[in-house]
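> Please work out how this folds:
(one chain, ligands or ions: 2)
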Amino acid sequence: MLELKDVCFAIQKDGEPLNLIDKVSLQVPRGHFMAIVGPSGCGKTTLLKTIAGLNEESDGSLYWNNLNLAEEKDFEPAEIGYVPQFSIAYDQLTVDESIESATRLRVKIKNYSDLDNRIDRILEETGLADLADRPVKVLSGGQKRRLGLAMELVTGPHLLLCDEVTSGLDPRSERDIVRLLHQLSRRDGRTVISVTHSLAHLELYDSILVLHEGRVAYHGPPAGLTHYFSVEDTEEVYPQLAKQRSEKWQSSWSKHREAYYGQLERRRNELIQSGDLSVPADNTAVKESARKKTATTPLEDPAAAQEIIREASELVQTPGIFSQFSTLLGRRWKIFFRDRGQVFLQLAILVCFPILVALFSDRGNENIKRFSDRYEGTLQQIQEHTMVEKSYLSVGSAVSGIVMFQVVLLSLMGSNNSAREIAGERLIFEKEKFGGIRPIAYLGSKVAFLGSLILIQSLWMAIFVQQFWKFPDGAEAGFLDHTLFLVLINAAMTFVCLGISSLMKTAEQSSLLSIYLVGFQLPLSGAVLALPEGIESITRPFISAYWAWSGSIDSMSPSYRNAIDAVTETSFQSSNACLYLLTIHIAIGLIASYVGLKRHHWD
Ligand SMILES: Nc1ncnc2c1ncn2[C@@H]1O[C@H](COP(=O)(O)OP(=O)(O)O)[C@@H](O)[C@H]1O
Ligand SMILES: [Mg+2]
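Ligands and ions are numbered 1, 2, ... in the order given. A predicted model of the protein is given here:
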C-alpha cells in the first residue's frame, strides 16, 4: 500500500517558499489502478516525482507497505517503475534490443534462456511481439509508449508510475494503452498510478484523483465524479474546478473523504471476492514470515538471510557493476555503428586530418634534409653559412608547426568525440540511474568506448605523418615520446569535454563550450604568438595543447630543440612536467564527468 500524509513540495520563489504540492493525503492499496487528473500545470508531474522520490517532500510523509520512505526504507530500484513523459529508448536500437538492454541492466539474469523468456513475456504482455525487430525510430506514438512501459516492466515493479503515457495519441491508441495499464494492475498486486490530463476512459480506473493548483479536490470512484462536482459530464469538471479557489476544494474534500474511501474499499472487496483482482499477501507480511524463517536458520551468513527475505518479496536483483558496464559498452558500440552519419564523420576526420598535416610537412622536409646535411658535413664554406643559418631557422618553425598542427587537430578530434556524449542522452541516463544503473559503470563504459577512439585516432595520426616526415636523427625515442603526447592531448581534450558534457544541462551548451575550449588552445598555447608574461602564467596551466606540444619537443634531440628555441619566444618545459600536467587534465575531466553524473538532471 502507498500512503501519503499531508505531503507538500515547495520551491523558493522571490525568497518565499511556494507549495507546488500542498498537503496531499491519499491511500492506494495493492492492485489498484489510479488516475491523477487535472488541468495543465496543476502539479501532476510534480506529485508523481514526489512519490517516486525524485522530488524531496518539504513536509509530510510517504509510506510504502507501512514503512516510512524517508526514514525507514526507500524504494528498491526494482520495486518501482517510472515511465516519464519523454522517450527513454535509443532510436538506433530495435524494440527487442531496447527491452534486452533494459533487462540486462536492471535484472540479474541466470542464463540466456532466462533472458529470452523474460523478453518474450514482456513483448507479449505489452502487445509488442509483432514489432520486436522494428527500429525505435519508426514506431508510432502509441507503440513508443508501449515500449516505454515494456522497459519499465522488466523488473516486475510493484508500483508503476506513468506520466502522460496517453497524451498526443489518437482515441483508439489511448484506449488501448489505458486498457493495458488496467490489465497490468490486475496482476501480481501491482499498483499503477497514471497521470493524464485527458478525461476520457475514466471508467477503467479504480479511482480518480483530481488535482487543482497542487491540492486534492477529489479522490474517489470514477462514477462519483459527476455527482461530486455537480456536473452532467466529466468533461465539465475542469471548468467547474476553476469556479472556486483550490483551498475551498481542499477543505470541502476533507469533509467528504471518508465516505468516498468507504466506497472504494467496498468496491475493492467485491473485486477480490469475484476473482477479478488477485492480490498476493501484503509485502510486509511476506517479509515478516521470511524474517522468522531466517531466524530459525543459522545466521552466520547474513547474505543468505538477505536472499531469503528478498526472494520472499519477489524482487529481482540488480546486476553488478561489471555486468552493467559491459552491457552499456556493447550498446554504445552498437549505436555507434548503426549511426551511419557518425561513422562516416569519424572516418573522414580520421583519414583527412593526418593527410592535412602531411601536406604541410612537405616543405618542412626540404629544410630538414639540409639541416641534417649540415651536421653530417665536416666542411663549411663561408658562402653556405648564411643559407644554412636560414634553413636552421626554417627547420625550427617547421618542426614546431607540424607538432602543433597535429596537437590542435587531435584536440579537435577529442572534443568532437565527447562534447555530446553524455549531454545528448542525459534524460535516458537519468532514467536508467533511477532504475539502478550505477554512474561508475556508465562512466566506465564511456571511458572504454572513447579510449578506443582516442587510440585509433592518435596512433594513426602519428604513424601516418611519420611516413612523410621523419625524425631524422635520434628517431626512435623521439617518435615514441611524440606519439605518447599525441595520445595524451587527445585523451585530455576528450575527457575534459566529457566532463563538460556531464555538467552542462543541454547538448547545445556542451558543444558550444567544447568548441570554445578547442578554439582557444592554439592562440593561448604560445606556439604561434608569445603572450604577455602575466597572461601566459595564468592561462598556461589550463592549455592542454601547450603541454602536449612542449612535451613532444622536449623529447627531441638537442639539435632540434635548439632550432625550435631559436624561432619561438615561448619556452618549453621538461617532458616529465608535461606528462604530469596532461595526466592531471585527464583526471580533472574524469572527476568532473563523475560529479556531473551523480548530480540530478531531470529538468
Ligand atoms: N522545479 C520547479 N521549479 C519551479 N517551478 C516548477 C518546478 N517544477 C514544476 N514547476 C511549476 O509547477 C507547476 C506544476 O508543474 P507540473 O507538475 O509539471 O504540472 P502538470 O504536470 O500538472 O502539467 C507548473 O506551473 C510548473 O511550471
Ligand atoms: Mg506534467
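> hey, let's count contacts and neighbours off CA atoms from now on
Noted.
> Show me what the helix or strand harbouring residue 185 is packed up against.
In this structure, residue 185 is located in helix 171-186 according to DSSP states H and E. Contact partners of helix 171-186 among helices and strands, from 3 or more CA pairs under 8 Å, 6 or more residues apart in numbering; DSSP states H and E: strand 33-37, helix 141-153, strand 191-195.
> Any chance you could list what contacts stretch 524-537?
Stretch 524-537 has contacts (CA atoms under 8 Å, 6 or more residues apart in numbering) with 400-401, 404, 522-523, 539-540, 543, 545-546, 568-570.
> Distance check, the residue nearest the centre of the chain against residue 456.
Among the residues of the chain, the one closest to the centroid is residue 429, at 2.4 Å (CA atoms, centre = their mean). Noted for residue 429: a distance of 27 Å to residue 456, by CA to CA, to the nearest Å.
> Give me the below-cutoff pLDDT ranges for this structure.
280-313, 362-388, 470-477, 527-528 (pLDDT under 70).
> Show me what from it comes close to ligand 1.
Residues of the chain lying near ligand 1 by CA under 6 Å from any ligand atom: 20, 40-46.
> Tell me which entries of the residues you listed lie within strands.
residue 20 (DSSP state E).
> Can I have the buried ones of the residues of the chain next to ligand 1 as a PyMOL selection?
Entered in PyMOL, the line below selects the buried ones among the residues of the chain next to ligand 1, by 16 or more other CA atoms under 10 Å:
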select buried, resi 20+42+43+44+45+46
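> Can you pick out the ones from the residues of the chain next to ligand 1 that are in helices?
When DSSP state H is applied, those are split such that 44-46 fall in helices.
> which one of those residues sits closest to residue 82?
residue 45 (11.3 Å; CA to CA).
> all helices of the stretch 1-150 of the chain, in order?
Here the stretch 1-150 of the chain has its helices, by DSSP state H, counting those that start in this stretch, at 44-52, 95-106, 112-125, 141-153.
> ok, back up a step: quick one: which of the contacts of stretch 524-537 is most hemmed in?
Ranked by neighbour count (other CA atoms under 10 Å), the contacts of stretch 524-537 have residue 545 at the top, with 35 neighbours.
> Report the separation between that residue and ligand 1.
From residue 545 across to ligand 1, the span is 40 Å (CA to the nearest ligand atom, to the nearest Å).
> shouldn't that residue be in contact with residue 407?
Yes: using CA atoms under 8 Å, residue 545 makes contact with residue 407 at a distance of 6.1 Å.
> what about the residue in the stretch 401-550 of the chain positioned nearest to ligand 1, which SS state?
Closest to ligand 1 within the stretch 401-550 of the chain is residue 505: 14.1 Å, counting by CA to the nearest ligand atom. Classification of residue 505 using DSSP: H, G, I helix; E, B strand; the rest coil returns coil.
> and it, what is it in contact with?
By CA under 8 Å, 6+ apart, the neighbours of residue 505 are 423, 601.
> re the thing from before, now the helix holding residue 185 against helix 112-125, angle please.
Using axes from the mean of the first three to the mean of the last three CA atoms, to 10 degrees, the direction of helix 171-186 lies 130 degrees away from that of helix 112-125.
> Correct me if wrong: residue 100 contacts residue 121.
No: look at residue 100 against residue 121 with CA under 8 Å: they stay out of range, at 11.8 Å.
> who has more neighbours, the two?
residue 100 (20 against 15).
> And that one, how close does it get to ligand 1?
On the measure of CA to the nearest ligand atom, residue 100 and ligand 1 end up 30 Å apart.
> Strands of this protein, residue ranges please.
2-13, 16-28, 33-37, 59-64, 67-68, 80-83, 159-163, 191-195, 207-212, 215-220.
> how far out from the middle of the chain is the shortest one?
Between the centre of strand 67-68 and the centre of its chain there are 30 Å (CA atoms, centre = their mean, to the nearest Å).
> In its sheet, which strands sit next to that strand, and in what direction?
strand 59-64 (antiparallel) (DSSP bridges).
> ok, residues contacting the partner strand?
Residues contacting strand 59-64 (CA under 8 Å, 6+ apart): 1-9, 23, 51, 68-70.
> if you set the cut-off to 7 Å instead, what comes out?
For strand 59-64, the external contacting residues (CA atoms under 7 Å, 6 or more residues apart in numbering) are 1-9, 68-69.
> swap in stretch 421-441?
77-78, 88, 105-106, 318, 321-322, 324-325, 498, 501-502, 504-507, 510, 597-598, 601-602.
> Buried subset of these, written for PyMOL?
The buried subset of these, as determined by 16+ other CA under 10 Å, is captured in PyMOL by this line:
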select buried, resi 77+78+88+105+106+318+321+324+325+498+501+502+504+505+506+507+510+597+598+601
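> could you measure residue 118 against residue 104, distance?
10 Å.
> again with residue 331
Taking CA to CA, one finds residue 331 at 11 Å from residue 104.
> Give the residues shared as contacts by residue 545 and residue 407.
Common neighbours of residue 545 and residue 407 (CA under 7 Å, 6+ apart) are residue 489.
> Quick check: the two most widely separated of the residues of the chain next to ligand 1?
20 and 40 (13.1 Å).
> dump the residue contacts of the closest residue to residue 79 other than its chain neighbours.
Excluding the flanking residues, the one nearest residue 79 by CA to CA, 6 or more residues apart in numbering is residue 157, at 4.5 Å. Residues near residue 157 by CA under 7 Å, 6+ apart: 78-81.
> do residue 39 as well
Residues in contact with residue 39 (CA under 7 Å, 6+ apart) are 197, 238.
> let's see 8 Å
197, 211-212, 238.
> and what of residue 127?
Going by CA under 8 Å, 6+ apart, the list of residues near residue 127 reads residue 146.
> Give me the distance between it and ligand 1.
Distance, residue 127 to ligand 1, using CA to the nearest ligand atom: 27 Å.
> For residue 121, see how far away that residue is.
Taking CA to CA, one finds residue 127 at 10 Å from residue 121.
> before we move on, what about residue 445?
From residue 445 to residue 121 the distance is 29 Å (CA to CA).
> Could you break this protein into its assigned domains?
28-52+73-79+157-280, 282-316, 340-598 (automatic domain parsing).
> Quick check, residue 316 in contact with residue 105.
No: assessed by CA under 8 Å, residue 316 is found out of contact with residue 105, at 11.7 Å.
> Name the nearest residue to residue 486, ignoring sequence neighbours.
That would be residue 458: by CA to CA, 6+ apart, it lies 5.7 Å from residue 486.
> Tell me how many other residues surround that neighbour.
Count around residue 458 with other CA under 10 Å applied: 28.
> One more: the one 3 residues further on?
Other residues within reach of residue 461 by the criterion other CA under 10 Å amount to 26.
> what's the closest non-adjacent residue to it?
That would be residue 354: by CA to CA, 6+ apart, it lies 5.2 Å from residue 461.
> Phi, psi for the closest residue to ligand 1 within the stretch 451-600 of the chain please.
Relative to ligand 1, the nearest point of the stretch 451-600 of the chain is residue 600 (11.7 Å; CA to the nearest ligand atom). With angles defined as degrees, to the nearest 10, residue 600 sits at phi -80, psi 130.
> what about it, neighbour count?
11.
> do the same with residue 345
Neighbours of residue 345 using other CA under 10 Å come to 11.
> Would you tell me which of the helices of the stretch 1-150 of the chain gets closest to residue 34?
Nearest to residue 34 among the helices of the stretch 1-150 of the chain is helix 44-52 (11.9 Å), distances taken as CA to CA.
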